[in-house]
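take a look and give me a structure for this.
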Amino acid sequence: MAGLQDATTSFVDALTPVLERLAPPPTTARQLRRDVVLEAFNLACGFLAADGRQTDDELWELAAAFGPHLDSEIGGATPTDIRRSGVVDRLALSIDAPSAMFELLADLDARKGTKHARTYYDGALEIGFAVVAIDVHTSVDELAAVEAWRGRLLARMQGTASSPTPAAEPAAEPPTEPPPPQEPPEPLEDLLAELDALVGLTTVKREVRLVADLTRVQQLRRERDLPVLDQSRHLVFSGNPGTGKSTVARLLARIHRSLGVLDKGHLVETDRAGLVAGFVGQTATKVVAVFDEADQGTLIIDEAYSLIRGGDNDFGREAIDTIVKLVEDRRDRVIVIMAGYPDEMAELVAANPGLRSRFPKTIHFPDYSGEELLAILETLVKKGGYELTDEAKARAKAWFDAVPREHGFGNGRAARNLFEAAVARQATRLAGVEVPTDEQLVTLEEIDFLVPGEPL
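I've put the predicted structure just below:
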């Protein structure tokens, strides 16, 4: 992401030629460029003032970015000079509504099908994120100001979009085909039946049904103009790998769409790598982008506890701060599930009061029993076009029973790995058979499975 100076230069270079084509004579290019610089300065000050603090780092950066262009206003100024002048405070409201320049460009786009407002929006957004990135610790208030400003401008652009009228300027690009209509929401009872069909997870199913029932009742109360409790829908899923957390999250997303809570009901999966950047200020941008992708759906953050494992100076804590802000600001648009090992997730929630209040409910996914893992194995065998002998089932069950249920136990993944190992051993066994029969090719026998205690 560009620094404030680079972001300002890009903004000015992109918009000045646009205004040159629109301005009547005798307006000069120099005058127009100064107008665009002032626009960028107003935006930067508005974002900078959002948290009520003006750090020395921010003000030095402001002076470096705009001093060469606005010599009489800020050239050569120190942070103390800028604070004394009160210029940042005076411009605090400059991002509370679209500016006159933006309105001019948006109106032009509506009439002629151009995309100048989008050029303004993209450049100004870079300025906003550049301001947020100046301080080592991201200001959640500044980030919230960027988000609010982004929403206002997007709403304005969407509200003025229309078919262009013929004009001397180049024609707008042909409209893209509208996306295909969404499938209608699935009936709730079908989704609950799909939940019940999952192997094991008795307590999880009970908890998910409780979530669905509570949501359904709250929706009915809302439809009848009765008071509705403002309850968080965000969840913590705790458990070892392979216990069905992603599968249940996907079902919950579809359940929420069926109940009218979410418009799309899709699931976006991410982890630390998808949220944390390697440079100051970039982490917040990555988190916002992931929330944008999950809009009107569900976001599951796997191994969420890893966000606090890097120490006080790690950018994972910046991700946590941004998540806390966004789960509140977008609580009606994105449902977030944080997932991971039980002890680590309890530690994560306990360490951050913001998370504790916004993720009040934890659903624990227990390890599968030997019987349940055998049932998962039988499903995999059937889908793969194989069959098990009774002796093979007995050995597989004994192998599952013998595996220690320790931290990191793979559960459903262990069933898949055992199945794949059996298929490989069968292939080795049949390699010595000149022309195996169809029955031999589809049958997994006792000898194809590991003996209890034998590692994969």
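
residue ranges with poor pLDDT in the stretch 101-250 of the chain?
136-139, 159-181 (pLDDT under 70).

strands of that one, residue ranges please.
Under the criterion DSSP state E, counting those that start in this stretch, strands of the stretch 101-250 of the chain are mapped to 235-239.

all helices of it, in order?
Assigned by DSSP state H, counting those that start in this stretch, the stretch 101-250 of the chain shows helices spanning 116-132, 140-160, 188-196, 202-223, 245-258.

tell me how far the fourth one is from the chain's mean position?
Taking CA atoms, centre = their mean, to the nearest Å, one finds helix 202-223 lying 24 Å from the centre of the chain it belongs to.

list the buried residues of that helix.
204-205, 207-208, 211-212, 215-216, 218 (16 or more other CB atoms under 10 Å). Where you see a C-beta, it was placed from the backbone N, CA and C, and this is true even at glycine.

mind listing what the residue lying closest to Ala422 once chain neighbours are set aside touches?
The shortest distance from Ala422 to any non-neighbouring residue, by CB to CB, 6 or more residues apart in numbering, is to Asp448 (4.4 Å). Shown in contact with Asp448 (CB atoms under 8 Å, 6 or more residues apart in numbering): 392, 422-423, 425-426, 429.

give me the buried entries from the residues you listed.
Counted by 16+ other CB under 10 Å, these give 392, 422, 425-426 as buried.

which one of these is nearest to Glu73?
Ala422 (75.3 Å; CB to CB).

what's in contact with the one helix or strand the closest one maps to?
Using DSSP states H and E, Ala422 sits in helix 412-430. For helix 412-430, the external contacting residues (CB under 8 Å, 6+ apart) are 241-244, 368, 373, 376-377, 380-381, 384, 386, 392, 396, 399-400, 403, 410, 436, 440-441, 444-445, 447-450, 456.

sitting in helices, which of those residues do you find?
Of these, the ones assigned to helices by DSSP state H are 373, 376-377, 380-381, 392, 396, 399-400, 440-441.

ok, back up a step: same list, the contacts of Asp448, but as a markdown table with distance to Asp96 please.
Compiled in a markdown table, the contacts of Asp448 are given as follows (distance: CB to CB, whole Å):
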| residue | distance to Asp96 |
| --- | --- |
| Ala392 | 70 |
| Ala422 | 65 |
| Val423 | 63 |
| Arg425 | 68 |
| Gln426 | 69 |
| Arg429 | 74 |
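
what residues sit buried inside stretch 396-413?
Residues 396-400, 403, 409-412 are the ones in stretch 396-413 that count as buried (16+ other CB under 10 Å).

and that stretch, what's its mean pLDDT?
Summarised as a single mean, pLDDT over stretch 396-413 is 83.

so what's the gap between that stretch and the chain middle?
Centroid displacement of stretch 396-413 relative to its chain, using CA atoms, centre = their mean, is 32 Å.

using PDB, write out every CA atom in it.
Taking Å, rounded to 0.1, in the frame of the first residue of the first chain, the C-alpha atoms of stretch 396-413 are listed here in PDB:
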ATOM      1  CA  ALA A 396     -10.800 -50.500  11.000                       C
ATOM      2  CA  LYS A 397     -12.900 -50.100  14.100                       C
ATOM      3  CA  ALA A 398     -10.100 -51.600  16.200                       C
ATOM      4  CA  TRP A 399      -7.600 -49.200  14.700                       C
ATOM      5  CA  PHE A 400      -9.900 -46.200  15.400                       C
ATOM      6  CA  ASP A 401     -10.400 -47.400  19.000                       C
ATOM      7  CA  ALA A 402      -6.700 -47.600  19.500                       C
ATOM      8  CA  VAL A 403      -5.800 -44.100  18.300                       C
ATOM      9  CA  PRO A 404      -5.100 -41.700  21.200                       C
ATOM     10  CA  ARG A 405      -7.600 -38.800  21.300                       C
ATOM     11  CA  GLU A 406      -4.800 -36.300  22.000                       C
ATOM     12  CA  HIS A 407      -4.300 -32.600  21.000                       C
ATOM     13  CA  GLY A 408      -4.400 -32.400  17.300                       C
ATOM     14  CA  PHE A 409      -6.200 -35.800  16.700                       C
ATOM     15  CA  GLY A 410      -7.400 -35.700  13.100                       C
ATOM     16  CA  ASN A 411     -10.900 -37.300  13.500                       C
ATOM     17  CA  GLY A 412     -12.600 -37.300  10.100                       C
ATOM     18  CA  ARG A 413      -9.200 -36.700   8.500                       C
END
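
Leu105: how many residues sit nearby?
Residues lying near Leu105 (other CB atoms under 10 Å) number 25.

show me how the record splits the protein into domains.
As assigned by automatic domain parsing, the chain contains the domains 4-160, 188-365, 370-448.

next, format those as TSV and append distance to Gln182.
Putting those into TSV (distance: least, CB to CB, whole Å) gives the following:
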stretch	distance to Gln182
domain 4-160	19
domain 188-365	7
domain 370-448	28
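
rewinding a little: for Ala319, which of the helices of the stretch 101-250 of the chain is the nearest?
Per CB to CB, nearest to Ala319 of these: helix 140-160, 11.7 Å.

list the buried ones in the closest one?
In helix 140-160, counting by 16+ other CB under 10 Å, buried: 140, 142-147, 149-150, 153, 156-157.

would you mind finding the longest strand in this structure?
In the chain, taking DSSP state E as the definition, the longest strand is strand 334-340.

can you give me the buried ones in the next helix or strand after that one?
Downstream of strand 334-340, the next assigned helix or strand under DSSP H and E is helix 342-351. Neighbour-count burial for helix 342-351, counted by 16+ other CB under 10 Å, picks out 342, 344-345, 348-349.

contacts for helix 342-351, please.
The list of residues contacting helix 342-351 from outside it, by CB under 8 Å, 6+ apart, reads 236-239, 304-305, 307-308, 338-340, 355-356, 359, 362, 364.

list the contacts of Lys286.
For Lys286, the contact set (CB under 8 Å, 6+ apart) comprises 274-277, 319.

what is the nearest of those to Leu192?
Taking the contacts of Lys286 together and measuring to Leu192 by CB to CB, the closest member is Gly274, at 30.5 Å.

that closest one: how many residues sit nearby?
Counted with other CB under 10 Å, residues neighbouring Gly274 total 16.

tell me the SS of it?
Each residue gets one of three states, and Gly274 gets helix by DSSP: H, G, I helix; E, B strand; the rest coil.

which residues touch the residue nearest to Leu307 when sequence neighbours are not counted?
Among residues not flanking Leu307 along the chain, Gly316 sits closest, at 3.8 Å (CB to CB, 6+ apart). Counting by CB under 8 Å, 6+ apart, Gly316 makes contact with 272, 275-276, 283, 306-310.
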